[in-house]
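> Next input, structure requested:
(one chain, ligands or ions: 3)
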Amino acid sequence: MRGGLVASARLLPRPLVRWFLQRRAQQDINENMSGGKKVKIIFVLGGPGSGKGTQCSNIVEHFGFIHLSAGELLRAEINSGSENGTMIDTIIKEGKIVPSEITIKLLQEAIIKGGNDKYIIDGFPRNEENRVVFESVINISPEFVLFFDCSEEEMERRLLGRNQGRSDDNIETIRKRLKVFVESSLPVIEYYESKGMVKKIDATKPAPEVFEDVKAIFTHMA
Ligand SMILES: Nc1ncnc2c1ncn2[C@@H]1O[C@H](COP(=O)(O)OP(=O)(O)O)[C@@H](O)[C@H]1O
Ligand SMILES: O=c1ccn([C@@H]2O[C@H](COP(=O)(O)OP(=O)(O)O)[C@@H](O)[C@H]2O)c(=O)[nH]1
Ligand SMILES: [Mg+2]
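Ligands and ions are numbered 1, 2, ... in the order given. The predicted model follows:
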């Protein structure tokens, strides 16, 4: 049914679609606030292989956040056999970015389903359009943006050794993803930096050391 909504939404003027989605998202999220607390969001950004997923698991374990990986949600959508699955699969294999409406709908549903008041959103927003549409539809500003800063050589090495059977962890797609990161995702980080919202972490270090720095940030926040 939701897939049908996306299909019919294509026939409507974009501002109208956004207005409708925004109203529904607000109602849904407000109705699902945990114990009347405002929903808090942290964006976890960084290049492919910078260690976002690894550190998000640590954050969940120590600080009680719900981890939403945009990439995982998209892969689950492919595996569910949804009508958008084939299109999402092709985009991921090409290392490109899936249209905002699709990713945001999945995030919105996961936030509602999560029923928590604290979410770390991993690997989103990946471009300026993602950021702007999320702001207008979900209407929640992140508390801050955690940025895992890592060299390209190290990211490439880690992705080639990840061994999770992912269709995009091959050298050809990895190179495309690194290019997309520099061209489309870094400007999002720069935008938040200009607003003083970025907490940058040296992610080239071993994972336990990176988590020490992450811990310091989250401990101060609590
Ligand atoms: N600090 C680190 N040093 C070395 N390897 C790491 C580090 N952090 C994560 N890895 C490994 O690198 C690969 C990519 O990590 P992952 O957390 O999936 O990154 P991302 O979600 O940013 O793509 C995984 O195989 C992971 O075990
Ligand atoms: O908001 C998002 C997040 C992910 N992706 C796609 O999903 C892939 C894998 O994303 P994920 O975050 O899982 O990769 P990671 O950076 O963790 O290696 C990306 O390359 C994109 O093709 C996307 O289009 N929009
Ligand atoms: Mg990841």
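
> what residues does the longest strand along the chain touch?
In the chain, with assignment by DSSP state E, the single longest strand is strand 40-46. With C-beta atoms under 8 Å, 6 or more residues apart in numbering as the test, strand 40-46 has contacts from 52, 55-56, 65, 117-125, 140-150, 185, 188-189, 192, 203. Where you see a C-beta, it was placed from the backbone N, CA and C, and this is true even at glycine.

> and Tyr119, what helix or strand is that in?
strand 118-122 (DSSP states H and E).

> Please name every helix or strand in contact with that strand.
Judged by 3 or more C-beta pairs under 8 Å, 6 or more residues apart in numbering; DSSP states H and E, strand 118-122 is in contact with strand 40-46, helix 52-63, strand 66-69, helix 70-79.

> Briefly note if the last one comes near ligand 1.
No - using C-beta under 6 Å from any ligand atom, helix 70-79 never reaches ligand 1; the gap is at least 7.4 Å.

> returning to what we had before: in its sheet, what does the longest strand of the chain sit against?
Paired strands of strand 40-46, with direction, are strand 118-122 (parallel), strand 145-149 (parallel) (DSSP bridges).

> As TSV, the ones you listed with distance to Glu109 would be great.
Rendered in TSV, the data for the strands paired with strand 40-46 read as follows (distance: least, C-beta to C-beta, whole Å):
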stretch	distance to Glu109
strand 118-122	13
strand 145-149	23
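
> what's the closest of those strands to ligand 3?
strand 118-122 (6.1 Å; C-beta to the ion).

> ok, and for the helix or strand following that closest one, which residues are buried?
On the C-terminal side of strand 118-122, the nearest following helix or strand under DSSP H and E is helix 128-138. Residues of helix 128-138 classed as buried by neighbour count (16 or more other C-beta atoms under 10 Å): 130-131, 133-134, 137-138.

> Just want the angle from helix 128-138 to strand 40-46.
170 degrees (axes from the mean of the first three to the mean of the last three C-alpha atoms, to 10 degrees).

> Give the closest residue to Lys93 in space, chain neighbours not counted.
Ser167 (5.2 Å; C-beta to C-beta, 6 or more residues apart in numbering).
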